[in-house]
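# Sequence and predicted structure, then a few things I'm wondering about:
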Amino acid sequence: MSKHEKNVEFEALNIAVLTVSDTRTEENDTSGQVLVDSLDKAGHRLYARAIVKDDIYQLRAIASRWIADSKLQVMLITGGTGFSSRDSTPEAMQPLFDKTIDGYGELFRQLSFQDIGTSTIQSRALAGISNKTVIFCMPGSPNACRTAWDRIIAEQLDRRHRPCNFVSLVLEKENVDAPVVSVCESRS
């Protein structure tokens, strides 16, 4: 069972939100807005936000630029994870991952099953780590974004969450001279 460590302080992270869509604009990007509102409510900072067409190379260009930014710690990508001919987020992002966070996609689909039943098999939600940037890719619906944030991502971006979270890893990005700290701290 997960819990919060009481004597550990919350650390606000720099988070970018990227919406992958051929039809969304700033005015109607409801999924991106769900993520912006959620990270703000949690106490994190919106570092960047963009909308990109569902094109492997345009998506990789923005993601690569953000991954290389030493101040950006987390990237949230919504959209392009289905099976339509234009859905290409997994194909764009997987080659950029240094490590894949397999459990994220597995858990997302398990949680989504409670809401959408077997349609969850059509989600190719995925996550990974690139240059100490944690990247979460989720479907483009507002409900999927809420499920991902509320039930998975928020805890993993909170250093008070035990037994494990990704905060120590992403904080290393800003300070390359920092000692390597285990992402999963053991409790004695």
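Cool, the structure landed. Residues are numbered from 1 along each chain as shown.

# When you work out contacts or count neighbours from here on, use the C-alpha atoms and nothing else.
Noted.

# Restrict stretch 13-26 to CA atoms and write it as PDB.
Provided in PDB are the C-alpha atoms of stretch 13-26 (Å, rounded to 0.1, in the frame of the first residue of the first chain):
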ATOM      1  CA  LEU A  13       8.900  20.000 -10.700                       C
ATOM      2  CA  ASN A  14       9.100  21.600 -14.200                       C
ATOM      3  CA  ILE A  15       6.500  19.800 -16.400                       C
ATOM      4  CA  ALA A  16       5.800  20.200 -20.100                       C
ATOM      5  CA  VAL A  17       2.400  19.300 -21.600                       C
ATOM      6  CA  LEU A  18       2.300  18.200 -25.300                       C
ATOM      7  CA  THR A  19      -0.900  17.500 -27.100                       C
ATOM      8  CA  VAL A  20      -0.700  15.300 -30.200                       C
ATOM      9  CA  SER A  21      -3.600  16.100 -32.500                       C
ATOM     10  CA  ASP A  22      -4.500  17.100 -36.000                       C
ATOM     11  CA  THR A  23      -7.600  18.900 -34.800                       C
ATOM     12  CA  ARG A  24      -6.900  20.500 -31.400                       C
ATOM     13  CA  THR A  25      -6.200  24.200 -30.900                       C
ATOM     14  CA  GLU A  26      -5.300  26.100 -27.800                       C
END
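
# please renumber so the chain begins at 28
Yep, numbering from 28; the last one is stretch 40-53 now.

# Select the longest helix from this protein.
When the chain is parsed with DSSP state H, its longest helix is helix 129-143.

# any idea of the angle whichever helix or strand comes after that one forms with helix 129-143?
For helix 129-143, the following helix or strand on the C-terminal side (DSSP states H and E) is strand 153-157. Compare the direction of strand 153-157 with that of helix 129-143 by axes from the mean of the first three to the mean of the last three C-alpha atoms, to 10 degrees and you get 150 degrees.

# For strand 153-157, name the packing helices and strands.
In terms of contacts (3 or more C-alpha pairs under 8 Å, 6 or more residues apart in numbering; DSSP states H and E), strand 153-157 is packed against strand 126-127, helix 129-143, strand 160-165.
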